[in-house]
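[1] following is a predicted model, sequence given first.
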Amino acid sequence: MSVDRPVGVPEGFERTSARGPFTAVNGPIWRKTVGNGALPLFGLLPEERHTNGLGFMHGGMVATFLDSAMAQAIFEKFGTRLVTLEFSVTFLHVVMKGRWCEAQVTLGAPIENRITAQVDMVSRGQVCAQGRGIFQLFP
């Protein structure tokens, strides 16, 4: 375990570079290359500051993580700036502080500088949230 990797962050995950001030403050978000040209996995270890009054991950933080994972996957695949045009999230199960989460992104084909994305957030083997978005690409 390296000094930079907190207990609970699996091996193979490295910190992503923050893509703006908001992500820098609300991260860190972690990234793992899976190979074979597949999109990377993204991870988050919820801290106290990511929770709501009931002690589990705040819905706004779940949405932030999902949107960030989709945007980062698009950026890495296409190497272009982008913005979120539409975003929806479905909450399925709560995630407690300190429970590792992973996000797996699936991308549609770009059409006229727009692309759709879907993401599943899994914790402890269970899908806890799903997101869908439409993003504007700026080639």
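    Looks like it arrived, so ask away. Numbers count the residues shown, from 1 in each chain.

[2] list the contacts of the lengthiest strand in the chain.
    Taking DSSP state E as the criterion, the chain has its longest strand at strand 126-138. With contact meaning Cβ atoms under 8 Å, 6 or more residues apart in numbering, strand 126-138 is reached by 62-63, 66-67, 70-71, 74, 78, 80-95, 101, 110, 113-122. Every C-beta, even on glycine, is put in place using the N, C-alpha and C of the backbone.

[3] in the sheet, who's paired with the residue nearest to residue 90 when sequence neighbours are not counted?
    Using Cβ to Cβ, 6 or more residues apart in numbering and skipping residues adjacent in sequence, the residue nearest residue 90 is residue 130, 4.8 Å away. On the basis of DSSP bridges, residue 130 is bridged to residue 90, residue 120.

[4] buried residues, the longest strand of the chain. List them.
    Residues 128, 129, 130, 131, 132, 133, 135, 137 are the ones in strand 126-138 that count as buried (16 or more other Cβ atoms under 10 Å).

[5] ok, now stretch 116-124?
    116, 117, 119, 120, 121, 122, 123.

[6] quick one: residues in contact with the helix or strand bottoming out on mean pLDDT in the chain.
    Using mean pLDDT, DSSP states H and E, helix 21-26 stands out as the lowest-scoring helix or strand of the chain, at a mean of 82. The set of residues external to helix 21-26 that reach it, using Cβ under 8 Å, 6+ apart, is 18, 29, 50, 61, 64, 68.

[7] who's in contact with the fifth one?
    Neighbouring residues of residue 64 by Cβ under 8 Å, 6+ apart: 22, 23, 26.

[8] the last one now?
    Applying Cβ under 8 Å, 6+ apart to residue 68 gives the contacts 19, 23, 29, 42.

[9] which among the residues you listed end up buried?
    Buried members of the contacts of residue 68, counted by 16+ other Cβ under 10 Å: 23, 29, 42.

[10] report the angle between the helix of greatest length in the chain and strand 126-138.
    In the chain, with assignment by DSSP state H, the single longest helix is helix 59-78. When axes from the mean of the first three to the mean of the last three Cα atoms, to 10 degrees is applied, the directions of helix 59-78 and strand 126-138 differ by 50 degrees.
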